[in-house]
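Colleague: just the structure for this:
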Amino acid sequence: MHETDKILNAIDAWPLSQAKIRAGEILPLADMIAFPGNVAEVSQILALANEMKIPVTPVGGGAGTCGGTVPVYGGIQLDLKRLNKIGEIDHESMLVKVQAGVVGIDLEEEVNRFGYTTGHTPTSLRASNVGGFIATRSGGSMSSLYGKIEDMTLGLEFVLPDGSIVTTKAVPRHSVGPDLLQLFIGSEGTLGVITEATLRLFILPEERHFRSVTFPDVHCGLEAIRKIFREGILPSVARLYDPEDAAYSFSMHFDFEEGHCMLLLAFDGDKKKVKIDETRSVELCIAEGGSDQGEGPAKRWWEHRYDMYYPTRLKTEGYTIVDTIDIVATYDRLEKVYYAMKEAMEAHGAFVLSHFSHMYQNGGSVYMIFFTSQPSAESAWETYKRIWDDGVAACLREGGTMSHQHGVGLTRSTYTEDELGSSFKVLKMIKEVLDPNSIMNPGKLGLGVRE
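Modeller: Numbers count the residues shown, from 1 in each chain. Down below sits the predicted model:
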């Protein structure tokens, strides 16, 4: 195997690893990479690795932002890209079986041919795959209406560390004990390897309407969103940009009052329903001090939502790092979490801009995007860590949860116990039973740290 393969597979989209590479540092490499073509081969590899106590790091598209696929203890990287088959669609039940290595855009385009959508369109859609979605509890840009990946996954096939192949029955609901399906969704390769999933499908909407509204401050915008969902309206998109992010993202293309926030809305469905939901939502926004900006900003965002990432427009050099802390909280805490994190992160000289991007009936998420530029590698890595430490501490102190969709990986692994509290010991016990030799993605989720 060529050394280039090891280097390419050793990194994901974690900004710190990208910065370290630019600074000339060498990241941990796997000793070997395996490319299984079916579940039986995955089983054989894990059984052998377990017997020999060799670490195994599963990797899919490599689009994660938290270092979740960095092989910190070497060993085997299990590359699942050859598991790329899409099964026949069950039109009666609106389900499809998909192998873990299927790239998101390939799945979406395939089901679109039959009049369906997965409803799952993260920004990484062209570079990430189904196994990665499920392993990290991924969320797409339309999660307000269609849900996150854990809402879309009805059944799984996965392989345990000892090589055992396990399947869960794909049913919409059940009352047969704890939901073991949800144990493996979000497990980030620490409990086994996801090889196949049964996913829900949705009918492609007849229409999708866009609307944009500005607000004088974050509070008014969040109140409008809360009241929209309180009335039972489910926009497919509800994104509120704070003044800094609104200026960065829209001021070059649209005229609106300086210092105002920007709310983007989209509505999916049949013509009649979309019109009713859109009209009522705008009424609620105006009642909270909003100013109608028409469809322009929201539609432009939708049409250009991948531009920043393919290729990235956030060009950085030297010891400049751009990263995101994506948190989630209920409405009674969300605004407090936002301001507490912003203050804590800016105390280290970071420039912070934010948007509330995945909203639900009971609360939502906010992306705290920060920029830091330092004169040396040592100060860059140290400042980066302080921003993360104090940002996450502020989130937890105010009652937020430290990740909405990016997962834990390495970035958040040291905070997992604080986040989960007394339930963390239950997760550790499960890990110890299923993976007594700690071969599966050790060091991630704060689990399986090896000597």
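Colleague: check the chain for its longest helix and report it.
Modeller: For the chain, the helix reaching the highest residue count under DSSP state H is reported as helix 377-397.
Colleague: pull out the buried residues from that helix.
Modeller: By 16 or more other C-beta atoms under 10 Å, the buried positions in helix 377-397 come out as 377, 380-381, 383-384, 386-388, 390-396. All C-beta spots, glycine's among them, are computed from the backbone N, C-alpha and C.
Colleague: between the residues you listed, which is closest to residue 235?
Modeller: residue 395 (25.1 Å; C-beta to C-beta).
Colleague: so who does the closest one touch?
Modeller: Each residue near residue 395 by C-beta atoms under 8 Å, 6 or more residues apart in numbering is listed here: 325, 327, 329, 337, 340-341, 401-402.
Colleague: what is the most widely separated pair among the residues you listed?
Modeller: Farthest pair in the contacts of residue 395, by C-beta to C-beta: 340 and 401, 13.9 Å.
Colleague: please say which of the two ends up with more neighbours.
Modeller: Set residue 340 next to residue 401 and count neighbours by other C-beta atoms under 10 Å: residue 340 wins out with 21 against 18.
Colleague: pretty sure the more buried one is touching residue 397, no?
Modeller: Yes: the pair residue 340 / residue 397 is scored as a contact, 6.8 Å apart, by C-beta atoms under 8 Å.
Colleague: circling back: next, the buried residues of the very next helix or strand once past the longest helix of the chain.
Modeller: Downstream of helix 377-397, the next assigned helix or strand under DSSP states H and E is helix 416-420. For helix 416-420, the buried set under the neighbour-count rule, 16+ other C-beta under 10 Å, comprises 416, 419-420.
Colleague: do the same with stretch 111-122
Modeller: Here stretch 111-122 shows 111, 116-122 as buried, counting by 16+ other C-beta under 10 Å.
Colleague: check stretch 133-148 too.
Modeller: So for stretch 133-148, counting by 16+ other C-beta under 10 Å, buried means 133-148.
Colleague: so which of these are in helices?
Modeller: 133-136, 143-146.
Colleague: if we can go back for a sec, list just the nearest of the buried residues of helix 416-420 to residue 363.
Modeller: residue 419 (16.1 Å).
Colleague: mind pulling up the pLDDT for the closest residue to the closest one other than its chain neighbours?
Modeller: Using C-beta to C-beta, 6 or more residues apart in numbering and skipping residues adjacent in sequence, the residue nearest residue 419 is residue 402, 5.4 Å away. With respect to pLDDT, residue 402 has a value of 97.
Colleague: again with residue 12
Modeller: Residue 12 is assigned 88 on the pLDDT scale.
Colleague: ditto for residue 309
Modeller: Residue 309 carries a pLDDT value of 66.
Colleague: please renumber so the chain begins at 3
Modeller: All right, first residue 3 from here; so that's residue 311.
Colleague: for the stretch 103-252 of the chain, which segments count as strands?
Modeller: 118-119, 155-161, 167-169, 195-202, 204-205, 209-217, 239-243 (DSSP state E, counting those that start in this stretch).
Colleague: domains in this protein, by residue range?
Modeller: 88-205, 209-305, 322-408 (automatic domain parsing).
Colleague: among these, which is nearest residue 18?
Modeller: domain 322-408 (6.2 Å).
Colleague: and the residue nearest to residue 141 when sequence neighbours are not counted, what's its pLDDT?
Modeller: In this structure, residue 141 finds its nearest non-sequential neighbour in residue 407, 3.5 Å apart by C-beta to C-beta, 6+ apart. Predicted confidence (pLDDT) for residue 407: 95.
Colleague: quick one: low-confidence parts of the stretch 253-402 of the chain?
Modeller: Applying pLDDT under 70 to the stretch 253-402 of the chain flags the ranges 310-320.
Colleague: again, only using 90
Modeller: 308-322 (pLDDT under 90).
Colleague: break down it into its strands, ranges please.
Modeller: Using DSSP E, counting those that start in this stretch, strands in the stretch 253-402 of the chain cover 263-271, 293-296, 322-332, 353-361, 365-375.
Colleague: tell me which of those strands is the most buried.
Modeller: strand 263-271 (a mean of 26; mean count of other C-beta atoms under 10 Å).
Colleague: that strand: how far from the chain's middle?
Modeller: How far strand 263-271 lies from its chain's middle: 20 Å, per C-alpha atoms, centre = their mean, to the nearest Å.
Colleague: for it, which strands pair with it and how are they oriented?
Modeller: strand 209-217 (antiparallel), strand 239-243 (antiparallel) (DSSP bridges).
Colleague: in CSV: those strands, plus distance to residue 354.
Modeller: Listed next are the strands paired with strand 263-271 as CSV, based on distance: least, C-beta to C-beta, whole Å:
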stretch, distance to residue 354
strand 209-217, 19
strand 239-243, 13
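Colleague: I figured residue 47 hits residue 38, correct?
Modeller: Yes: Residue 47 is within contact range of residue 38, at 6.1 Å (criterion: C-beta under 8 Å).
Colleague: shared neighbours of the two, anything?
Modeller: residue 80.
Colleague: CA atoms only for stretch 327-335, dumped as CSV, please.
Modeller: Taking Å, rounded to 0.1, in the frame of the first residue of the first chain, the C-alpha atoms of stretch 327-335 are listed here in CSV:
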residue,chain,number,x,y,z
ILE,A,327,-19.2,24.5,17.6
ASP,A,328,-22.7,23.3,16.8
ILE,A,329,-24.9,23.2,19.9
VAL,A,330,-28.5,22.6,20.6
ALA,A,331,-30.9,23.7,23.4
THR,A,332,-34.5,24.2,24.2
TYR,A,333,-36.1,27.6,23.6
ASP,A,334,-35.9,28.7,27.2
ARG,A,335,-32.1,28.3,27.2
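Colleague: buried residues in stretch 216-225, which are they?
Modeller: Buried residues in stretch 216-225, counted by 16+ other C-beta under 10 Å: 216-218, 220, 222-225.
Colleague: which residues are contacting it?
Modeller: By C-beta under 8 Å, 6+ apart, stretch 216-225 touches 215, 226, 242, 244-245, 248, 258-259, 261-265, 287, 290-293, 295, 333, 336-337, 340, 358.
Colleague: wait, doesn't residue 35 sit right on residue 77?
Modeller: No: assessed by C-beta under 8 Å, residue 35 is found out of contact with residue 77, at 10.4 Å.
Colleague: and the gap between residue 43 and residue 58?
Modeller: For residue 43, the distance to residue 58 (C-beta to C-beta, to the nearest Å) stands at 13 Å.
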